[in-house]
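Undergrad: build me a structure from this.
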Amino acid sequence: MVVALQRRRVRPHSSRTPSPPGPRSRRGTPRRIAADPRTLLVALPAQLDESNAAQVRADLMAAAELRPVVLIADLSRTRWCDWAGAGALASAFGRAAGAGIQLRLVLTDDSVRRVLSLNGLDGLMPVYPDVAAACAAPLG
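TA: Model (predicted):
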């Protein structure tokens, strides 16, 4: 039996640091809500999957380190979420709850809601249809 080996094409090394790919790599920088300075909002990417789940988890945990009363994870742009993304949200929820911080989710996409429902996360974390509703909800 003859096995043909494929040669991998190697690109020449460049001194430039490659720019990160599109919207999947955007960092979720926490932003204070003007109406309530005790609330932080972190906008999450359009895809929340294995490729960026660790970064999303780190962003949410970094926001929790700022000790807000309420941390809103804005998934209104998110159209895809897999098990790794759900795991990142669950991990951030555990850290926030341990610190006495309410983690609230803003969900608009049915497929993302279904993934969170299959994992039982929608029963743990409060889900809101938009940021205004998440901000307006009473502390509890």
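
Undergrad: can you tell me the SS state at the closest residue in space to Leu124 that isn't next to it in sequence?
TA: In space, and not counting its chain neighbours, Leu124 is closest to Phe93: 6.3 Å by C-beta to C-beta, 6 or more residues apart in numbering. Every residue, glycine included, has its C-beta placed from N, CA and C. With DSSP: H, G, I helix; E, B strand; the rest coil as the basis, Phe93 sits in helix.

Undergrad: residue contacts, Phe93?
TA: Residues in contact with Phe93, defined by C-beta atoms under 8 Å, 6 or more residues apart in numbering, are Leu103, Leu121, Leu124, Met125.

Undergrad: how about the third one, phi and psi?
TA: Spelled out, that is Leu124. Taking degrees, to the nearest 10, you get phi -90, psi -40 for the backbone angles of Leu124.

Undergrad: and for the second one?
TA: The phi and psi torsions at Leu121 (degrees, to the nearest 10) take the values phi -80, psi -30.

Undergrad: quick one: strands adjacent to the top strand by length along the chain?
TA: Longest strand of the chain, by residue count under DSSP state E: strand 36-43. The strands beside strand 36-43 in its sheet (DSSP bridges) come out as strand 31-33 (antiparallel), strand 70-75 (parallel).

Undergrad: how about residues contacting it?
TA: For strand 36-43, the surrounding residues in contact (C-beta under 8 Å, 6+ apart) are 28-33, 59-60, 63, 66, 68-74, 77, 131, 135.

Undergrad: next SSE after that strand?
TA: Following strand 36-43 in sequence order, the next helix or strand is strand 47-48 (DSSP states H and E).

Undergrad: quick check: mean pLDDT across the helix or strand following that following strand?
TA: Counting by DSSP H and E, the next helix or strand C-terminal to strand 47-48 is helix 53-65. On average, the pLDDT along helix 53-65 is 94.

Undergrad: much appreciated, bye for now.
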